[in-house]
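In: quick one, what's the 3D model for this:
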Amino acid sequence: MKLNDIKDNPGSTKARIRVGRGIGSGKGKQAGRGGKGQTARSGVRIKGFEGGQMPLHRRLPKRGFTPPNRLVYNEVNLGRIQSAIDAGKLDIAETITAEALLKAGVVTHPRDGVKILGSGELKAKANFEVDAASKSAVAAIEKAGGTLKIPQAEAAPAAP
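Out: Numbers count the residues shown, from 1 in each chain. Take a look at the predicted model:
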């Protein structure tokens, strides 16, 4: 096969319709835009405008609340950590922290911390120091013989 022999499959491309090129083309005069007014003009069209009637997106009630100080964690499954250990990217002799996971390429962005989730199997005995962990992840880490340290949980005062 040569580069000059390459071509698209028949029917995969369509010629564009050239509008406003005379009455005989079928798309002449108003070029498929209908009559006069805002919608016939170029560059001006209000999205959601309903002719003065209150638009649907303003008629519906607002719902929910987004807390301004919420924490966004990098969620990492145990199976992903185990595959990084098997590949030699993580050293189980050292404590596995958010920085170690970032350096190993397990997480890509250092958000507000790392949360470990329990999906997958952890075979290696490893010590973790992360910001959060699910109950199943804590159980799996302790079952493998490792330890889990969550710094924020220790710093928080006990509820009376």
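In: looking at this, residue 115 is in a strand?
Out: Yes: assessed with DSSP: H, G, I helix; E, B strand; the rest coil, residue 115 lies in a strand.
In: begin at 463 from now on, thanks
Out: I'll keep to 463 as the first residue from here, and by that count the last item is residue 577.
In: looking at it, it is touching residue 590, isn't it?
Out: No: using CB atoms under 8 Å, residue 577 is not in contact with residue 590; the gap is 11.1 Å. All C-beta atoms are positioned from the backbone trio N, CA, C, and that covers glycine.
In: have a look at the two and say which one is more surrounded.
Out: Taking neighbours as other CB atoms under 10 Å, residue 577 and residue 590 compare with residue 590 leading, 23 against 19.
In: so where does the more buried one fall, helix or strand?
Out: Following DSSP states H and E, one finds residue 590 within strand 589-591.
In: would you list the strands that that strand pairs with, along with their directions?
Out: strand 558-559 (parallel), strand 609-611 (parallel) (DSSP bridges).
In: find the centremost residue of this structure, please.
Out: residue 536 (11.3 Å; CA atoms, centre = their mean).
In: now do stretch 537-553, average pLDDT.
Out: Computed over stretch 537-553, the mean pLDDT rounds to 94.
In: on that earlier part again, can you give me phi and psi for the residue nearest to the centre of the chain?
Out: For residue 536, the backbone dihedrals are phi -80, psi 120 (criterion: degrees, to the nearest 10).
In: who does it bridge with?
Out: In beta-bridge terms (that is, DSSP bridges), residue 536 pairs with residue 576.
In: show me the contacts for it.
Out: 560, 563, 569, 571-573, 575-577 (CB atoms under 8 Å, 6 or more residues apart in numbering).
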